[in-house]
Each structure stands twice: as structure tokens, then as C-alpha cells.
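1. okay, sequence plus prediction incoming.
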Amino acid sequence: MKTVITTFNIEKYRALAFVAGLLVLAIVLKFFEIPYPPAPFLKYDVSGVPLAIVAYYSLKYAFSTLPIYYILPVLFGSDVVGMAMKCLAETSTFTPLILVYKKGPRSNEWRIGLAIGLAIISRILFMSLANYLVTPYWLMWSYKMPFEKAYTLTLAYMPHIVLFNLTITLIIAPLSLTCITILKRAGYLK
């Protein structure tokens, strides 16, 4: 029995290779981190750019690649809680960025500005809430702190958490949209 390779199969495998390549790039970029000096547990990296490109290609693929993006760095020594927070951070960035960029206002300048603005607001809100709820327990678990001290320290870090999420989104969002534009012009994205 012969297997017939159809255009559908080729497109499916091409999509799989494209998404897998971007996922591997995101995982590799995750390991090139620069700590945010006032709060060294927060780290800058550009792994969100390939994830945003996957999200532009297909949000379904982006959400389905997140478990792999989480598991592989954890297997290589990344903090379990930190990677969960990283996945939430990237999801809260690329989801509004891509949804608005794809279906936003007709004017390109408005669409880009609105997409970046909503990505900033989304990431700051989600990550501020997540850090408020998770960081005290993470500090208790990692550093054996009493809850009161961990909670006080978390509140002290909140302005830095907001500033960090603002600055990283100001890096990731425009860079992602620039890469998407280049890939569209090159014919890799529609």
C-alpha cells in the first residue's frame, strides 16, 4: 500500500516544523537571562518573541507548546515556580498582543499601539496579581522565611515587579511585531 503525500500533509508537516523550530528557539533563549538588579529573581530574556510568533501563526499551537516550554527548562534546572510564572507572563503578553494585532483597527499605527498597550496592561495586571498570590509562598518554600516576612518582602518588591513587567513588555512586544512583519514579508506567515 503506497502512501500518497498530498498538499495537505506537506502543509501540516511544514507547520509542525515551523512551530517546533520556534519552540526550540524560545527554550534556548530562555537560558540567556539577565537578572533585574533590584529583584534578581526577575530575569530579562527574549524567549517571548518566538512564542509570540507561534501565537501569531496559531494561538492553538501557542497554547499547546507551553507545556513543553515549561517542562524542558525545568528538566535542565530552572525553578518550577519561576517557569510557571514565566509561562503565565508570556501568555499574558502574547495573547492580547496577537489578538489585537490581527483583528484590531484598520490603521496600522493604531493597531500596533493598541496591541502593545494592551499587552503591557495585561502583563502588569496578571503578573502583579500572580506575584502577590505566589511570591510569599515561594519565599517561604525557597528561603524558609516566616509568612509575615515573606509577605512584607513581596509587598516591598511589588513596584519592582510592575517596573520589570513594563520594561520587558516594551522589549518583547515591539520586537515580536517587527519579527512578524519580517516573516510576513518573507512569506513564512500570512
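-> Arrived safely. Numbers count the residues shown, from 1 in each chain.

2. select the longest helix from this structure.
-> helix 147-185 (DSSP state H).

3. check which helices and strands that one is in contact with.
-> Using 3 or more CB pairs under 8 Å, 6 or more residues apart in numbering; DSSP states H and E as the contact test, the elements touching helix 147-185 are strand 39-44, helix 48-57, helix 80-103, helix 108-143. Where C-beta positions appear, they are placed from N, C-alpha and C, glycine not excepted.

4. show me where pLDDT drops low in the protein?
-> The chain contains residues with pLDDT under 70 at 1-8.

5. check contacts around Leu170.
-> By CB atoms under 8 Å, 6 or more residues apart in numbering, the contact set of Leu170 is Ile116, Ile120.

6. how close does it get to Ile121?
-> Per CB to CB, to the nearest Å, Leu170 is found 12 Å from Ile121.

7. do the same with Ser64
-> For Ser64 relative to Ile121 (CB to CB), the value is 26 Å.

8. and what of Ala150?
-> 27 Å.

9. over to Cys179?
-> Applying CB to CB, the value for Cys179 to Ile121 is 22 Å.

10. which one of those two has more residues nearby?
-> Of the pair Cys179 and Ile121, Cys179 is the one with more neighbours under other CB atoms under 10 Å, namely 17 against 14.

11. what sits against that one?
-> Cys179 makes contact with Val49, Ala52, Ile53, according to CB under 8 Å, 6+ apart.

12. same check on Tyr56?
-> Tyr56 is in contact with Ile98, Tyr101, Lys102, Ser176, Ile180, Leu189, counting by CB under 8 Å, 6+ apart.

13. how many neighbours does the closest residue to the second one other than its chain neighbours have?
-> Think Tyr101. Once flanking residues are discounted, Tyr101 sits nearest to Ala115: 4.2 Å by CB to CB, 6 or more residues apart in numbering. As a burial measure, Ala115 scores 24 neighbours (other CB under 10 Å).
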